[in-house]
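> Mind looking at a prediction? Sequence and model below.
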Amino acid sequence: MLNYFQIASSMIRDIGMKPKIALILGSGLGYLTCEFQNSTAVYYSQIPGFPASTVQGHSGRFIFGNFHGIPSVAMEGRFHFYEGHEIRDVVSPIYLFKEMGIERLLITNASGGINKTYSPGEIVAIRDIINLGFRNPLRGPNEEKFGVRFPDMSSVVDLEWLARLRERLCRDGHELKEGTYIWTLGPSYESPSEIKSFEFLGADMVGMSTVPELIAANHCRMKTLALSCVTNMASGILKEKLSHDDVVRTANRIRHRFSDIVGKALEVLKEIDDE
Ligand SMILES: O=P(O)(O)O[C@H]1O[C@H](CO)[C@@H](O)[C@H]1O
């Protein structure tokens, strides 16, 4: 296991800032870091033993900087199990963030909409998850310093943060839908029959990430919000074939709205923390 404490301490020392929040930016959503002020990049490849990011739309670097007045660190590019990483490596950033002293995490992703009330380009908050990948990042000896052996999973996101964001958006006349995200291993997209069965299981969105991260964040008691950009309707719902290029394109198309929602998520966080 990587010595997260050592890596975190030396990163904070070298950069000269201590982030309060970490953001994981999903496929095509890395553009948010353009809004960071006084930013510094650290490439994953500069960190000994750290996994490499291999997916288009995921640059493979941390950006440190001020975001909406909050010292922040963002991941431009996450690790997916289908890239060949060990499941524990997929969640290594979460433990690194924890060792930086960060207590708040904002996870984002691109997903396929299963719920037919969604439409491509819509942003939905993840309220619950289904671990259809059947891999658990907590497998193996438990790191007691991070959390208990058998973490409760009754609420994988911070309900107060979510409720406050929903209220904030509602005041502006926007509805924030909530849904259940199902994790498939990928990298192939799903077949129409798989999507029908996921709908039957209660899933609203499908994707190839996020669930391991939410399990690890829950393990180490980070308060987390997860926003999913429904970049396409899931396989078989519409006639179109799915492609990663289209996923990235849609994620880019909604950049203003996405940036606005993330900005408000940070605004309400400041209010919560000031209370
Ligand atoms: O979940 P993120 O990383 O946003 O990426 C999503 O987009 C890719 C497929 O187009 C998959 O990696 C899927 O999980």
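Good, I have the coordinates.

> Taking this structure, what residue is nearest to the ligand?
residue 26 (2.6 Å; C-beta to the nearest ligand atom). The C-beta positions use only the backbone N, C-alpha and C, and glycine is treated the same way.

> give me every residue that touches residue 111.
Listed by C-beta atoms under 8 Å, 6 or more residues apart in numbering, the contact set of residue 111 reads 124, 181, 205, 206, 207, 228, 229, 230, 231.

> Repeat that for residue 128.
156, 180, 181.

> need these in a markdown table with distance to residue 128, secondary structure and neighbour count, can you?
Output for the contacts of residue 128, formatted as a markdown table (distance: C-beta to C-beta, whole Å; DSSP: H, G, I helix; E, B strand; the rest coil; neighbours: other C-beta atoms under 10 Å):
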| residue | distance to residue 128 | secondary structure | neighbour count |
| --- | --- | --- | --- |
| 156 | 7 | coil | 22 |
| 180 | 5 | strand | 18 |
| 181 | 8 | strand | 27 |
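
> Now pLDDT too, for the residues you listed, in a markdown table please.
A markdown table is the format used below for these (pLDDT from 0 to 100):
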| residue | pLDDT |
| --- | --- |
| 156 | 96 |
| 180 | 98 |
| 181 | 98 |
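
> Dump those into TSV; add distance to residue 167 as well.
Shown next, in TSV, are the contacts of residue 128 (distance: C-beta to C-beta, whole Å):
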residue	distance to residue 167
156	21
180	21
181	22
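
> one step back: just the buried members of the contacts of residue 111?
124, 181, 205, 206, 207, 228, 229, 230, 231 (16 or more other C-beta atoms under 10 Å).

> Can you pull the residues of this protein lying near the ligand?
By the rule C-beta under 6 Å from any ligand atom, the part of the chain lying against the ligand is 26-27, 55, 78, 80, 109-110, 186, 207-209, 244, 247.

> Which of these fall in strands?
Here DSSP state E is the test, and the residues of the chain next to the ligand give 109, 110, 207 as lying in strands.
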